[in-house]
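> Task: produce atomic coordinates for the following.
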Amino acid sequence: MLDRVDQAWRVLATGACFLAFGVGSVLLGVLVFPLLNTVVRAPERRVPLARGVIRATFRFLVWMMRTTRVISVEVHGIERLRGGGRLILANHPTLIDVVLLMALVEQGDCVVKGALNRNIVTRGPVRAAGFVFNDDGGEELVADCLRSVRAGNSLIIFPEGTRSSRTEPMKLQRGAARVAVHGALDITPVRIRCTPATLAKGEKWYQVPARRAHIRIVVGDAIAISPFISGAANQALAARHLNRHLTDYFSKEHDLASA
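Next up is the predicted model:
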């Protein structure tokens, strides 16, 4: 009986958290960020301010979800996220992975769908924050990612390109590996595990598990890029080898979560 009451509470609390986040996002999108874009014209001043607002919003959402017992969170190796100019690659088991990571990273940047730049609610925040859009793809996207990291940002990429499937083997897109190889950037890997699974691919927000989900975030030691570059005949081959290594690296977490 108590378990059912607890689960029912978490359904209501999850809905309340997402509702609060949605309303807040609309208010920020139609009021705060358009004003910020108008008042602070210089990108070098506007972008840090916008990202600070977004980080504070995400930190509030994480706090709200933890306080209402929707999730619990533990983080290991957070010191490895300090400092800018990082390429952060993470697996993607839940809907809120980007929220969790952006809440942890100062001056975080991320690759977002170009559709967000055309949405009346989201275009204000993503423009003000100067996020990287994935519309162009190919070499232009790689160049945009490298410019972001070299400007001192910590760029977050989910190499899968979408949330993980619990029933299928992990498959990574090669774009993140190409960014690392072309820029000769060491990788800060982040492994995320959610037990029991919730907010996974294909699941509705109200399909909460029987017990509270626990999210474990582990920031691993840096993955050096030089062995992959020096050991390959060209950049395309280096990216292929690196992508295979990253698939093996993140698949271990995926397999543990799916067991």
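> CA only for contacts and neighbour counts going forward, please
Noted.
> so what's Ile71 closest to, chain neighbours aside?
Excluding the flanking residues, the one nearest Ile71 by Cα to Cα, 6 or more residues apart in numbering is Ala213, at 5.0 Å.
> Low-confidence ranges, the stretch 1-150 of the chain, go.
Where the stretch 1-150 of the chain drops to pLDDT under 70, the residues are 121, 136-137.
> which residues in it form strands?
Using DSSP state E, counting those that start in this stretch, the strands of the stretch 1-150 of the chain run over residues 71-76, 87-90, 108-112, 132-133.
> ok, and which of those has the densest surroundings?
Comparing these by mean neighbour count (mean count of other Cα atoms under 10 Å), strand 87-90 ranks first with a mean of 24.
> Against which helices or strands is that strand packed?
strand 154-157, strand 187-195 (3 or more Cα pairs under 8 Å, 6 or more residues apart in numbering; DSSP states H and E).
> Convert the C-alpha atoms of the first one to PDB, please.
Think strand 154-157. Extracted in PDB, the C-alpha atoms of strand 154-157 (Å, rounded to 0.1, in the frame of the first residue of the first chain):
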ATOM      1  CA  SER A 154      32.800  23.100 -22.300                       C
ATOM      2  CA  LEU A 155      30.900  21.500 -25.100                       C
ATOM      3  CA  ILE A 156      28.600  18.700 -24.300                       C
ATOM      4  CA  ILE A 157      27.800  16.100 -27.000                       C
END
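> Determine the angle, from 0 to 180 degrees, between the next helix or strand after it and strand 187-195.
As assigned by DSSP states H and E, the chain's next helix or strand after strand 154-157 is helix 175-183. Helix 175-183 runs at 160 degrees relative to strand 187-195, counting by axes from the mean of the first three to the mean of the last three Cα atoms, to 10 degrees.
> Of the strands of the stretch 1-150 of the chain, which is nearest Arg46?
Smallest distance to Arg46 across these (Cα to Cα): 13.8 Å, for strand 108-112.
> Just checking: what are the partner strands of the closest one?
strand 132-133 (parallel), strand 154-157 (parallel) (DSSP bridges).
> which residues sit against it?
Strand 108-112 is touched from outside by 51, 102, 130-134, 145, 148, 153-157, with contacts defined as Cα atoms under 8 Å, 6 or more residues apart in numbering.
> Now do the contacts for the residue nearest to Ser165 when sequence neighbours are not counted.
Excluding the flanking residues, the one nearest Ser165 by Cα to Cα, 6+ apart is Lys201, at 6.2 Å. Taking Cα under 8 Å, 6+ apart as the criterion, Lys201 is in contact with 93-95, 163-165.
> Am I right that Lys201 sits in a helix?
No: Lys201 is assigned coil when assessed by DSSP: H, G, I helix; E, B strand; the rest coil, not a helix.
> Can you give me the distance of it to Ile96?
Distance of Lys201 to Ile96, computed by Cα to Cα, to the nearest Å: 11 Å.
> just Ala210 next, same as before
From Ala210 to Ile96 the distance is 19 Å (Cα to Cα).
> more crowded one of the two?
Ile96 (16 against 13; other Cα atoms under 10 Å).
> Ramachandran coordinates for the more buried one?
phi -100, psi 20 (degrees, to the nearest 10).
> how many other residues sit next to the residue lying closest to it once chain neighbours are set aside?
Among residues not flanking Ile96 along the chain, Leu199 sits closest, at 7.6 Å (Cα to Cα, 6+ apart). Residues near Leu199, counting by other Cα under 10 Å, number 20.
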